[in-house]
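Enquirer: any chance you can model this:
(2 chains)
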Amino acid sequence: MRFSNSFIPTTKEVPNDAVITSHQLMIRAGMVKALGSGIYSVLPFGLKVFQKVMNIIREEMNAIGGQEFYLPGINPVELWQETGRVESFGDIMFHIKNRQLILAPTHEEVITSIAKAHIRSYKELPQIWYQIQSKFRNEPRPKSGVIRSRQFTMKDSYSLDSTSEGLDKSYNLHAEAYKKIYTRSGLKFFIIGASSGAMGGSGSQEFMIESDAGEDSIILCESCDYAANLEIATSNKSKINFGSSKKKEKIFTPNIKTIDQLSNYLKVHVEQCAKSVVYISGKQAYLIMMVGNDQVNESKLKSVIGTEFRPCTDEELVELFSAEAGSIGPVGVSKNIKVIADNRLKDSTNLITGANINDYHLLNVDLLRDCKIDHYSDLRQVEKDEPCKLCNKQLRLTTGIEVGHIFKLGTKYSSALKANFLDENGKENPIIMGSYGIGVERIAACYIEQNHDEFGIIWNKALSPFDFHIIVVNVKLAKVVEVADNLYKSLSEKYSILYDDRSSVSAGVKFKDADLLGIPFQIIVGDRNLENNSVEIKIRRTNERIIVPIDSVLEKIKNIYE
RNA sequence: CGGGAUGUGGCUCAGCCCGGUAGAGCACUCGGUUCGGGACCGAGGGGUCGUGAGUUCAAAUCUCACCAUCCCGACCA
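Expert: I've put the predicted structure just below:
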């Protein structure tokens, strides 16, 4: 393609809206153009990259037996009411005003409705169905360019199985396919255990890129392969033990509100103080007990109590406990209040807790003797530098961008929509499903985050919009143009070429644009080397320059490319 | 939704505090000179100063409301 006829609007300066590198470079390289907050037009140069990504995904999905669908982006709202997801998506889902339709944020419902209509027997399973299409989410705060936008391209696939062993197999096929997709795309990625959140289901993993621009907090072990989203991460922080049970006492603790104040005042270790935090879910109050300054991990709490919740207000505290924050505790609370304690507190003795009387605490509380704990669970948020639960080495806390997420859904959607099949015994069962998503634009953006320098993008062969970038340095010299034209023609037979034949800009502009656009190999045709019947090949990533005689240039290029 | 910032030509920004003819660089058009790392000279075109009210003889500038965008937080299949 001749640059002179192309629409590749490169810019020297960055719009002040773009903050992260990939966003800035995508705009400067003329890949995308913002239309509104979280809404982007994809321009030809960018589309070529996205198409490369989509083709890699398509090849790997086909390789595990996936079959591609094209599904509607507008869906009847009734379908989503049946699975309860109109409510669970809430404001994230776009609703069409003049029809009972929504813009699909994902496609479990549509896929399941197709399965319901056509799958009858276990003999028709398993199936892997996928699509690569636009999804719509009314993000409250779009950010970081195409990384979090309101319309984006996602490869979503869905596995349909008749057994849980089958689901495991489909899930693992996807995990392996995803590793190949990211590896082929040139991303440095890792896999973490993740929460399945509102998607439901029994297990899930995320594929992450480490990045300061990331929105997820991740716990990683430096010496083994433990890795988990902070939402579910656990560590080897041990249970507490304060010896055999002593006599409970009530003590005066004036104006003591925090665990740190309490431990200072009483000259005890913070971990001997048990913190009580209260949440409300619907009409139910939950008193959550944690060791010392351990933080409640609300994702874990949500999976324990199973519904949405909110912190208790100060007024409600007084109503429920006759005491204010800082003096709340588990001893003698109403039976209507559920008490859930973190695993570290299991059957602990000699704790210090609030007395449910302002300015008083209790010493030597024995959880077995003095109060009724309804349930113990892992509720604490892991902190950095804690010991790994697998190898006991230090854990690291970092942030990442999610580029893929795989879920074992189970029968949540098939049950809701009655997508059943008959098993070997003629018994009707809901189809066992998995769902597996990859963000197309995110792969491209994350690649740029990981592969750029001060001059621009550095594409690899897999994602580069073109194989070679030919630059003709001086278009006034007929001989130079002739050589470049011939090279363009002969290379075009086998490779995709961006040919910078522009007469309107100086050589310097062409060089800067070439580095910005980041095509891996530049072929520079200028009179300086032509005097020696040579052209120059520049490797974008290493800045290595190779002078090649014209008569061997095709062979040399072939070698360099492979 | 809470906190903060910004809105002036296509882009980056100055001007606003202290009201009085709307500016610079880049980009664009024309002419000329250059021609291997974002060239130079000359001449041009292009702006309802986010929108709407208000104060004032006079508003880009002061006041109020609204809108938009970005950042932090909340949220995030």
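
Enquirer: element containing residue A:244, please.
Expert: For residue A:244, there is no host helix or strand (DSSP states H and E).

Enquirer: ok, it touching residue A:348?
Expert: No - at 11.7 Å, residue A:244 does not count as touching residue A:348 under the criterion of C-beta atoms under 8 Å. All C-beta spots, glycine's among them, are computed from the backbone N, C-alpha and C.

Enquirer: more neighbours: which of the two?
Expert: With neighbours defined as other C-beta atoms under 10 Å, residue A:244 and residue A:348 compare such that residue A:348 has more, 23 against 7.

Enquirer: any idea how far the more buried one is from residue A:273?
Expert: 11 Å (C-beta to C-beta, to the nearest Å).

Enquirer: ok, the spatially most central residue of chain A - contacts?
Expert: By C-alpha atoms, centre = their mean, chain A has its centre lying nearest to residue A:402, at 1.7 Å. Contact partners of residue A:402, counting by C-beta atoms under 8 Å, 6 or more residues apart in numbering, are A:206-208, A:214-216, A:439, A:442.

Enquirer: show me how far the strand of greatest length in chain A is from its chain's centre.
Expert: Taking DSSP state E as the criterion, chain A has its longest strand at strand A:395-410. In terms of C-alpha atoms, centre = their mean, to the nearest Å, the centre of strand A:395-410 is found 6 Å from the chain centre.

Enquirer: for the record, mean pLDDT for that strand?
Expert: When pLDDT is averaged over strand A:395-410, the result is 94.

Enquirer: over to stretch A:507-524?
Expert: Rounded mean pLDDT across stretch A:507-524 is 97.

Enquirer: who does the nearest residue to residue A:111 once chain neighbours are set aside form a beta bridge with?
Expert: Leaving aside its chain neighbours, residue A:111 sits nearest to residue A:158 (4.5 Å; criterion: C-beta to C-beta, 6 or more residues apart in numbering). Judged by DSSP bridges, the bridge partners of residue A:158 are residue A:129, residue A:435.

Enquirer: check contacts around residue A:158.
Expert: A:107-108, A:111-112, A:128-130, A:433-436.

Enquirer: residues near whichever residue of the stretch 251-400 of chain A sits closest to RNA strand B, how many?
Expert: Here the stretch 251-400 of chain A gets closest to RNA strand B at one residue, residue A:298, 6.2 Å apart by C-beta to the nearest atom of the strand. By the criterion of other C-beta under 10 Å, residue A:298 has 15 neighbours.

Enquirer: specify the local secondary structure of the closest residue in space to residue A:334 that isn't next to it in sequence.
Expert: Once flanking residues are discounted, residue A:334 sits nearest to residue A:320: 7.1 Å by C-beta to C-beta, 6+ apart. Here residue A:320 is helix, with the state taken from DSSP: H, G, I helix; E, B strand; the rest coil.

Enquirer: list the contacts of residue A:320.
Expert: A:278, A:285, A:312, A:333-334, A:337.

Enquirer: which SS class is whichever residue of the stretch 301-450 of chain A sits closest to RNA strand B?
Expert: Nearest residue of the stretch 301-450 of chain A to RNA strand B: residue A:437, at 5.1 Å (C-beta to the nearest atom of the strand). The three-state label given to residue A:437 by three-state DSSP is strand.

Enquirer: for the strand or helix carrying residue A:165, list the C-alpha coordinates in CSV.
Expert: Secondary structure assignment for residue A:165, by DSSP H and E: helix A:164-185. Provided in CSV are the C-alpha atoms of helix A:164-185 (Å, rounded to 0.1, in the frame of the first residue of the first chain):
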residue,chain,number,x,y,z
SER,A,164,-18.5,-32.2,34.9
GLU,A,165,-15.5,-34.1,33.6
GLY,A,166,-16.5,-32.9,30.2
LEU,A,167,-16.6,-29.3,31.5
ASP,A,168,-13.1,-29.8,33.0
LYS,A,169,-11.8,-31.0,29.6
SER,A,170,-13.4,-28.1,27.7
TYR,A,171,-12.1,-25.6,30.3
ASN,A,172,-8.6,-27.0,30.0
LEU,A,173,-8.7,-26.9,26.2
HIS,A,174,-9.5,-23.2,26.5
ALA,A,175,-6.8,-22.6,29.0
GLU,A,176,-4.3,-24.1,26.6
ALA,A,177,-5.7,-22.3,23.6
TYR,A,178,-5.4,-19.0,25.5
LYS,A,179,-1.8,-19.6,26.4
LYS,A,180,-1.1,-20.1,22.7
ILE,A,181,-3.0,-17.0,21.7
TYR,A,182,-1.1,-14.8,24.1
THR,A,183,2.2,-16.4,23.3
ARG,A,184,1.7,-16.0,19.6
SER,A,185,0.6,-12.4,20.1
